[in-house]
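Chemist: Test case, fold it:
(one chain, ligands or ions: 2)
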Amino acid sequence: MLGMLGLGAVGVAAGKWLSEGVSTVVANTAPGVANVLPAAGGFRIYTVTDGYPEADPATYRLSVSGLVATPLTLSLADLKDLPQTQMTKDFQCVTGWRVDSVPWSGVLLRDLLSAAGPESDAAALKLHSFDGAYTESLTMDQASRDDMLIATTMYGEPLEVQHGAPVRLVAAPMYGYKSIKWLQGIELTRDVQPGYWEMLGYDVDAWVGRSNGRAGDEPVV
Ligand SMILES: Nc1nc2c(c(=O)[nH]1)N[C@H]1C(S)=C(S)[C@@H](COP(=O)(O)O)O[C@H]1N2
Ligand SMILES: [Mo]
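Modeler: Numbers count the residues shown, from 1 in each chain. Ligands and ions are numbered 1, 2, ... in the order given. Below you'll find the predicted structure:
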């Protein structure tokens, strides 16, 4: 049965999924296949571990470290004290599913970077998840765009655990795999260090519609 579904490592999420009797299946070899759970609103819930890690909101801290003048350790209250940005963007997974017009809010990544003061040789970011497995990368130029958000809410509510609570990246112009969930640390580095799926062959520069083998004018389905 599991082999038929094309699922490799099957953990908590897939078990729950099967027990709920959901009959539609995404079987492919693209980011998120290890564990995938359909969710409300068209999102599919991805994790590369065997579950969804939970952080205590009271003790959660986000770090900004590496090549910065002032390393930061931010609580959720600290994040809420920073200027809040809202954006509504389509969310597009490289495997083909998309959710239109998702409202997010949080702190612009570039505002966090300015607060930490990048050193002159900082050219990239390595992002770490407290799931202990997932990482992502951005160039400083990409991270400085106004559609790269450190999100704490989705649809006007605090992020849910399966969507990366309490804090995730939303890299709006790029495929979903850039949008690392359960964000714990942002490390400024000299060079781009490819993230989890990028080590497995996906494009590091994951622009929607013009990466991963797609031409610029090809509609994204
Ligand atoms: N920590 C972590 N972040 C992750 C992933 C993951 O497996 N683990 N999957 C990525 C992929 S491939 C996609 S498409 C989106 C899916 O977001 P969702 O699970 O909130 O729908 O999360 C991205 N961020
Ligand atoms: Mo994805």
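
Chemist: Residue of this structure closest to ligand 1, please.
Modeler: When distances are taken as C-beta to the nearest ligand atom, the chain approaches ligand 1 most closely through Gly176, which lies 2.6 Å from it. Yep, even glycine has a C-beta here, placed from its N, CA and C like the rest.

Chemist: Now that residue: closest residue in space, sequence neighbours ignored.
Modeler: Cys93 (4.1 Å; C-beta to C-beta, 6 or more residues apart in numbering).

Chemist: State the pLDDT value of the spatially closest residue to Tyr196 that is not a sequence neighbour.
Modeler: The shortest distance from Tyr196 to any residue that is not its chain neighbour, by C-beta to C-beta, 6+ apart, is 4.9 Å, and that residue is Tyr134. The predicted structure scores Tyr134 at 98 on the pLDDT scale.

Chemist: got the phi/psi numbers for the residue of the chain closest to ligand 1?
Modeler: Dihedral angles phi and psi of Gly176 (degrees, to the nearest 10) take the values phi -50, psi -30.

Chemist: Per-residue pLDDT of it, please?
Modeler: Spelled out, the predicted local distance difference test score at Gly176 is 98.

Chemist: right, and the residue nearest to Gly176 touches Ser179 too?
Modeler: No. Using C-beta atoms under 8 Å, Cys93 makes no contact with Ser179, being 9.5 Å away.

Chemist: And the strands in this structure?
Modeler: Remark: strands assigned in the chain by DSSP state E are 36-38, 44-46, 62-66, 72-74, 85-92, 98-108, 124-129, 135-139, 148-154, 157-158, 168-171, 183-189.

Chemist: Compare the mean pLDDT across those and name the weakest.
Modeler: The stretch with the lowest mean pLDDT among the strands of the chain is strand 36-38, which comes in at a mean of 64.

Chemist: So for stretch 147-164, what gets flagged as buried?
Modeler: Met148, Leu149, Ile150, Ala151, Thr152, Met154, Leu159, Glu160, Val161, Gln162, His163, Gly164 (16 or more other C-beta atoms under 10 Å).
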